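In: Structure of the sequence below:
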Amino acid sequence: MLNRIIIMGRLTKDPELRHTQSGVAVASFSLAVERDFKNRESGEKTTDFIDIVAWRNTAEFISKYFTKGRMAVVEGRLQIRDWNDKDGNKRKSAEVVADNVYFGDSRREGDAVGFSSSPSSGMSFAGEGGSAFAELADDDGDLPF
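Out: Predicted coordinates for the structure are as follows:
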C-alpha cells in the first residue's frame, strides 16, 4: 500500500511545539495551499488549510526555523483520526504526518545562516549576516572544456 503526500504552502501561524509525557517533541501547524485551478464563478483560486503534525527532530527543526507566512514543502503521509467531541459526537480529522519539511521560499533577511569562504579551509559555516555566495580562492587554471 502507498500513502505519500507532498504539499507546498504557507504557514498560517507559528508552529506550536509541545512535548509528550515521555519527552518526545511534537509540532503542530497548518499550511494554506492554493489549488491549481480557478473557481468558475469567482475566477479566484480556492485555498485549502491542511493540518500538519511533526515528531521528534522534524518537530524541533520546524519550531526553530519556520514562522507564520513562510513557505514550506511537506512530505509525509495522510492520517485520519476518529475522536469524540465534548457532546459525545463521533468526529473525524485528517492531517498530514510530516516525515520531511523543506524551505519553499528564499532565505529572508535575518533568517537562517549561510556559507562564506574561509582562506584556510575553503568553504566554512558562517553565522547570521554571512554571504550565501562566496568567491573561490583557488585557481583551477585552464579547464579542458
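
In: domains of this protein?
Out: 5-105, 110-137 (automatic domain parsing).

In: winner for burial among those domains?
Out: Across those, the average number of neighbours (mean count of other C-beta atoms under 10 Å) peaks for domain 5-105, which reaches a mean of 14. To be clear about C-beta, it is placed using only N, CA and C from the backbone, and glycine gets the same treatment.

In: what about that domain, start to end distance?
Out: In domain 5-105, first residue to last residue: 19 Å (C-alpha to C-alpha, to the nearest Å).

In: pLDDT of that domain, averaged?
Out: Averaging pLDDT along domain 5-105 gives 93.

In: from now on call the first residue 24
Out: Yes, from this point I'll number from 24; that puts the last item at domain 28-128.

In: host element of the closest residue in space to N62 that isn't next to it in sequence?
Out: Nearest residue to N62, sequence neighbours excluded (C-beta to C-beta, 6 or more residues apart in numbering): T69, at 5.8 Å. Using DSSP states H and E, T69 maps to strand 68-78.

In: how far out from the middle of the chain is that strand?
Out: 11 Å (C-alpha atoms, centre = their mean, to the nearest Å).

In: for it, packing partners?
Out: strand 48-61, strand 94-107, strand 113-126 (3 or more C-beta pairs under 8 Å, 6 or more residues apart in numbering; DSSP states H and E).

In: Specify the angle between it and strand 48-61 in degrees.
Out: Per axes from the mean of the first three to the mean of the last three C-alpha atoms, to 10 degrees, the angle that strand 68-78 makes with strand 48-61 is 160 degrees.
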